[in-house]
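J.: Here's my sequence, what's the structure:
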Amino acid sequence: MLKVGTAYMMDRKGNLIELPECHPYLINVKDSHSVLEQLERTVKFYLQNLLWYYDNTKNIESKELVKTILYYLRFDERYKNNYVDQYGNYIARVINNYFDDSVYDIRISKETNVEDLWEELNDNLNEEFTRVRTSHKNLPAGDSKDIYFRISSIYTNWFDTIWEVVYKYREWIESVTIVTDLQSRGKENFYILNGQKTDHMSVENFINLKGNPIVEKAQQKYHIY
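T.: You can find the predicted model right below:
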């Protein structure tokens, strides 16, 4: 059963992975810092965000990108001096503590910037996961049974997945809100489905967008990207 005031990450199959408090981000488009600065801040201070994605992604390419990025930070002359502290090379410790020796099989290309790899990883993960929260759209506050889906993807259509989750928890959920994710997309727009704004839409109205869920098939294909 869902919990009030709780953050989740949802994958394409509708699995809801509970988070301790905040959603992980690799790039926040509303942040004034450059992509490289956001990468450095994540790796140095919010490594748990990167490790969460590595542990939970089912995309082999994304896992390899994580290892490739760390290899670049460890060995590429352009970056490696940024990760030395009083205990030695920070990236070397991260690799040794969390990854196997396959990281060292990676080769560096001077034509590739680690910022580009970070953006590619961020894009891949935004297509694989969407952010979900109960009780409040952004904060771990309140005790309502409203549910909020914050969409970061550009190409993945989340409608069927969201519909299945809402139907599964229909006895618990009081309302459904679907909105673009501000930090990922740079704007916060509510989705319009069947002429209705998905801003605290009733569960009954949302479920019936596909007709009677027991005896009918979907008459219209809705798109939530």
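J.: distance between the helix or strand harbouring residue 150 and the chain's centre?
T.: Assigned by DSSP states H and E, residue 150 belongs to strand 146-151. Mean-position distance between strand 146-151 and its chain equals 13 Å (CA atoms, centre = their mean, to the nearest Å).
J.: just checking, next helix/strand downstream of it?
T.: helix 159-168.
J.: Surely residue 38 touches residue 26?
T.: Yes - using CB atoms under 8 Å, residue 38 is in contact with residue 26, at 7.3 Å. Just so you know, the C-beta spots here come from the backbone N, C-alpha and C atoms, and that holds for glycine as well.
J.: which neighbours do these two share?
T.: Common neighbours of residue 38 and residue 26 (criterion: CB atoms under 8 Å, 6 or more residues apart in numbering): residue 118.
J.: quick one: buried residues of stretch 165-184?
T.: The neighbour-count check on stretch 165-184 (16 or more other CB atoms under 10 Å) flags 165-166, 169, 173, 175-184 as buried.
J.: What count of nearby residues applies to residue 88?
T.: By other CB atoms under 10 Å, 10 other residues sit near residue 88.
J.: should've said residue 50
T.: Residue 50: 21 neighbours (other CB under 10 Å).
J.: How about the contacts made by it?
T.: 24, 26, 42, 43, 66.
J.: Just confirm the second one contacts residue 40, I think it does.
T.: Just to be clear, that refers to residue 26. No - contact between residue 26 and residue 40 fails when scored by CB under 8 Å: they sit 11.8 Å apart.
J.: So those two - more neighbours on which side?
T.: A count of neighbours by other CB under 10 Å puts residue 26 above the other of residue 26 and residue 40, at 21 against 18.
J.: Provide the secondary structure category for that one.
T.: At residue 26, secondary structure determined by DSSP: H, G, I helix; E, B strand; the rest coil is coil.
J.: If I look at the closest residue to it other than its chain neighbours, what pLDDT would I see?
T.: The spatially closest residue to residue 26, leaving aside those adjacent along the chain, is residue 122, at 4.4 Å (CB to CB, 6 or more residues apart in numbering). Reading off the confidence values, residue 122 has pLDDT 98.
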